[in-house]
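Trainee: Next input, structure requested:
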Amino acid sequence: MYAYVARQPILNRKKQTIGYELLFRDGETNAFPNMEANQATCRLLVENFMSAGSNPALESPRSFINFPQESLISLIPTAFPKGKIVVEVLESCIPNDELFSAIKHLHRMGYIIALDDFSLDSEWDRFLPYSHIIKLDIMQLGIDTACEYVKTHKQQGCKRHYLAERVETNEEFQQVFEAGFYFFQGYFFSKPEIIKNRVVKSEELLTMQLYQEVCREEVNFTRIEQLISQDVSLSYQLLKFVNTASVRLEQPISSFKQALVYLGEEQITIFVTLVATAHAAINKPKELYKQSLIKGRFCELMICRCQNGTPGQQAFIVGLFSLLDALLDQKLDDVLEHLSLTKEIEQAILLRLGLLGSMLELYESIDTGNWDKIDQISRLLGFSPKTVEKTYQDAERWYQTIFS
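Mentor: Modelled structure (predicted):
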């Protein structure tokens, strides 16, 4: 499955691209689908900021993103780095007290606020001191009206930047340039370009169970960790979300519990809300999905039988993520590059090094029926082949129990 997004460049007065506005699409047709605005925004965020691999849609200094009323009041933008996004207040938003409070909060946190398709309505006047960019649709307002508005406010010493939307000819560009507009966007420079990106999505049942957990009065981290561990997509998205929500991690992530504790209740709630709202059914390769989970459980059970005290959660992650390349149709090292995993886990997955790497080799030998290799690794680790076979069966039973 793929995520689609259209991006349109935003240029400064030197005609340099300073960022892109991201526009949600649900296919290769370059038009907004028949979908509720909040769901579209959530899907855009989940599928492009939390999707697998490097996304060319995000390869710019800033991503301008439309946020409707509900997502602004819920402070969804705070889940994303303030240095990477511009929060566009959608024109359909109602300028009430709730929205005003949310915009002030985002402004205090250092987010760049843009008022999209600004209507010149006096109801929005109190929002202006907290807005950095005012976007004026020169076709809707009329180019003369828009230019006059900008000239008047520039003469009054206004420090805000004005962005001219829907600039379609060189004559229009010259007129808005001379009026004092600082940013420009429109077909004269470039039409929106469709970007397609591979994406991982989660199972509906687990998503809803997670949603129920974060809605409880007291968040149960253990229960959330159990649910996330059952789904390779959610596991991947959680770690990607930790990296997105943080500029720099103090130490590499080695367990889902560590990731959850690092995020805290508020960010976990935002994460699960985003995934639940953005959910769309997907037919995953069931056998790969099944093997990922059984592999993770096998590695976890085997490592727990060792006497060196290696945490089982690390082994589970090793097994679970070792098939991400097949699930995502991407090189494994490219996928892992976007997750802050410990060096021990990365080397186990990529190079089969260390004790964790031996667990993977053991599982793969069972899968291919390489009994000489099974016997060799088993004896090296101090297990009998019978113990290994029983552990494999236990892992399969665990999978059947979860999905029974």
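
Trainee: Do a quick rundown of the helices in the stretch 151-300 of the chain.
Mentor: Counting by DSSP state H, counting those that start in this stretch, the stretch 151-300 of the chain has helices at residues 170-179, 204-214, 221-229, 232-245, 256-278, 286-304.

Trainee: Most tightly packed of those?
Mentor: helix 232-245 (a mean of 23; mean count of other CB atoms under 10 Å). C-betas here are computed from N, CA, C, even on glycine.

Trainee: Restrict it to CA atoms and write it as CSV.
Mentor: The C-alpha coordinates for helix 232-245 follow below in CSV (Å, rounded to 0.1, in the frame of the first residue of the first chain):
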residue,chain,number,x,y,z
VAL,A,232,4.4,-4.9,13.6
SER,A,233,2.9,-1.8,12.1
LEU,A,234,2.0,-0.1,15.4
SER,A,235,5.5,-1.1,16.8
TYR,A,236,7.2,0.5,13.8
GLN,A,237,4.9,3.6,14.0
LEU,A,238,5.5,4.0,17.7
LEU,A,239,9.3,4.2,17.4
LYS,A,240,9.0,6.4,14.3
PHE,A,241,6.7,8.7,16.3
VAL,A,242,9.2,8.9,19.2
ASN,A,243,11.8,10.1,16.7
THR,A,244,9.4,12.6,15.1
ALA,A,245,8.2,14.0,18.4
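
Trainee: For the stretch of helix or strand residue 10 belongs to, enumerate the helices and strands it packs against.
Mentor: Element membership for residue 10, per DSSP states H and E: strand 2-11. In terms of contacts (3 or more CB pairs under 8 Å, 6 or more residues apart in numbering; DSSP states H and E), strand 2-11 is packed against strand 17-25, helix 37-49, strand 183-184, strand 193-198.

Trainee: Mean pLDDT, mean neighbour count and distance to residue 159 for the ones you listed - can I get that in CSV?
Mentor: Putting the helices and strands packed on strand 2-11 into CSV (pLDDT from 0 to 100; neighbours: other CB atoms under 10 Å; distance: least, CB to CB, whole Å) gives the following:
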stretch, mean pLDDT, mean neighbour count, distance to residue 159
strand 17-25, 90, 21, 18
helix 37-49, 81, 23, 29
strand 183-184, 97, 22, 14
strand 193-198, 80, 17, 32
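
Trainee: Can you say which of these is nearest to residue 240?
Mentor: With CB to CB as the criterion, residue 240 lies closest to helix 37-49 of the helices and strands packed on strand 2-11, at 7.9 Å.

Trainee: Only C-alpha atoms, please: export that closest one in CSV.
Mentor: Output of helix 37-49 as CSV, limited to C-alpha atoms (Å, rounded to 0.1, in the frame of the first residue of the first chain):
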residue,chain,number,x,y,z
ALA,A,37,-11.0,17.5,6.8
ASN,A,38,-9.8,16.3,10.2
GLN,A,39,-9.5,12.7,9.0
ALA,A,40,-7.6,13.9,5.9
THR,A,41,-5.1,15.9,8.1
CYS,A,42,-4.6,12.9,10.4
ARG,A,43,-4.0,10.6,7.5
LEU,A,44,-1.6,13.0,5.9
LEU,A,45,0.4,13.2,9.2
VAL,A,46,0.4,9.5,9.9
GLU,A,47,1.1,8.4,6.4
ASN,A,48,3.9,10.9,5.6
PHE,A,49,5.6,11.7,8.9
